[in-house]
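# Sequence and predicted structure are below.
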Amino acid sequence: MILADKIIELRKKQGWSQEDLAQHLGISRQSVSKWESAASIPDLDKILKLSQLFGVSTDYLLKDSMEAPQPQEELPEPASPDSVRRVSLEEASTYLDLVRATAGKIALGVSLCILSPVALLLLSGLSEIATPAVLPEAVAAGSGLTILLVLVALGVSLFLLSGKKRSPYAFLDTEPIELLYGVTGIVEKQKAKYEPTHTLSLVAGVALCILSAVPIMVAAAFDSELTALFGVCLCLVLVALGVFLLVRSGTVFGAFQRLLEEGDYTRKNKRRRQDAAPLGRIYWCLVTTIYLAWSFLTDNWHITWIVWPCAGVLYGAVCGMLAAIKKKPPTP
């Protein structure tokens, strides 16, 4: 018995019409009709609602071979490190909902860190360049630095809160997983539905990052310190907007890749990530120390941000070297 037949049978057992079932699910009657004619299949969240509504397991709804309703399935127990962890439909749905809820917060945190020096640059620059001075230099520097630290603190807080919520699913980054029957198809369908949004966000994000150089080039043509100052600030704003789109979209798309073990989350790449984890913690702490030390000692915040893209590229090279060393057979 296929899913369409099971929906018809379960609906009739309740004595409901297609309209009644549609009202219980908050959808149109046409959607129910398409399900029952096998013209389409329900989304992941609707499968869960059908399971709860009819008191059957998602396993029963999804498996063609199962002819009688089974008791509600329990969430799988955590597997041992050497085994494959099984992920149920409920787990996959909860994880995707959580990622969608936190993706914007993570992206906002990154953008706040990028925007953090803007106030310091503006206030310090105006105190030095504007005549008469808008603010005393000490007041401008102190206010700008305070705003910088507040924005960084807010950004880091968003990272920590989002990371805490997603910590129960950290195993998706490192452990081999297996989606229960029928879950793979539903996740693939949701991924395909999201791909146009992901592509649009990538294009817009990359375009904004490229166009961020335009204000600096335009400012250079005016040969004015004040224009150059605003050009740098506008550059950072455009980068922050572009990065926001890239991070938010990449976070959601990455969730689909984690569940399907695709892209950076294949089992081979998971093993590499486990090997590189200790190096990553040391590396990024060192990069952060260099960035802050250079920025505070030189007060060149408009230049020191270059540390981050350079560090990102270099980190890829370091991880590649580490993988190559591990692959190299020992010399006799």
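Nice, I can see it.

# what's in contact with stretch 31-40?
2-4, 7-8, 11, 18, 21-22, 25, 41-42 (C-beta atoms under 8 Å, 6 or more residues apart in numbering). Heads up, the C-betas are built off the backbone N, CA and C, glycines and all.

# Select from those residues the one having the most neighbours.
Counting neighbours by other C-beta atoms under 10 Å, Leu21 leads the contacts of stretch 31-40 with 23 neighbours.

# Just list the residues touching it, thanks.
7, 11, 14, 32.

# What's the mean pLDDT across the top helix by length along the chain?
Among the segments of the chain that qualify as a helix by DSSP state H, the longest is helix 89-129. In this model, helix 89-129 has a mean pLDDT of 89.

# returning to what we had before: quick one: which two of the contacts of Leu21 are the most distant?
Gln14 and Val32 (12.8 Å; C-beta to C-beta).

# Pick out whichever of those two has more residues nearby.
For Gln14 and Val32, the more surrounded residue by other C-beta under 10 Å is Val32, and the numbers stand at 25 against 13.

# For that one, give me the backbone phi and psi.
With angles defined as degrees, to the nearest 10, Val32 sits at phi -60, psi -40.

# The one 5 residues further on now?
Here the main-chain torsion angles of Ser37 (degrees, to the nearest 10) amount to phi -100, psi 0.

# Please enumerate the helices of the stretch 51-200 of the chain.
Per DSSP state H, counting those that start in this stretch, the stretch 51-200 of the chain carries helices over the ranges 58-62, 89-129, 137-166, 171-174, 183-211.

# Go ahead and produce CSV holding the CA coordinates of the first one.
Yep, that's helix 58-62 we're talking about. This file holds the C-alpha atoms of helix 58-62, laid out as CSV (Å, rounded to 0.1, in the frame of the first residue of the first chain):
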residue,chain,number,x,y,z
THR,A,58,5.8,8.2,10.2
ASP,A,59,7.4,4.8,9.4
TYR,A,60,4.0,3.3,8.6
LEU,A,61,3.1,6.3,6.3
LEU,A,62,6.3,6.2,4.4
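
# and it, how far out from the chain's middle?
On the basis of C-alpha atoms, centre = their mean, to the nearest Å, the separation between the geometric centre of helix 58-62 and that of its chain is 29 Å.

# Tell me which other helices or strands it touches.
Applying 3 or more C-beta pairs under 8 Å, 6 or more residues apart in numbering; DSSP states H and E, we find helix 58-62 packed against helix 3-13, helix 44-54, helix 89-129.

# and what of the second one?
On a contact count with 3+ C-beta pairs under 8 Å, 6+ apart, helix 89-129 meets helix 44-54, helix 58-62, helix 137-166, helix 183-211, helix 225-260, helix 301-304.

# Out of those, which is the most enclosed?
Among these, the stretch with the highest mean neighbour count (mean count of other C-beta atoms under 10 Å) is helix 58-62, at a mean of 22.

# Adding distance to Leu161 and pLDDT as columns, could you present the contacts of stretch 31-40 in TSV?
Converted to TSV, those look like this (distance: C-beta to C-beta, whole Å; pLDDT from 0 to 100):
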residue	distance to Leu161	pLDDT
Ile2	43	76
Leu3	38	79
Ala4	42	80
Ile7	39	85
Ile8	45	85
Arg11	42	84
Gln18	43	85
Leu21	39	86
Ala22	38	85
Leu25	32	86
Ile41	35	79
Pro42	32	83
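
# Would you convert those into a markdown table that also reports distance to Ala140?
Shown next, in a markdown table, are these (distance: C-beta to C-beta, whole Å):
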| residue | distance to Ala140 |
| --- | --- |
| Ile2 | 70 |
| Leu3 | 65 |
| Ala4 | 68 |
| Ile7 | 67 |
| Ile8 | 72 |
| Arg11 | 69 |
| Gln18 | 68 |
| Leu21 | 65 |
| Ala22 | 62 |
| Leu25 | 58 |
| Ile41 | 61 |
| Pro42 | 59 |
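
# wait, which of these is closest to Val203?
So of the contacts of stretch 31-40, ranked by how close each gets to Val203 (C-beta to C-beta), first place is Ile41, at 30.0 Å.

# Lovely, talk soon.
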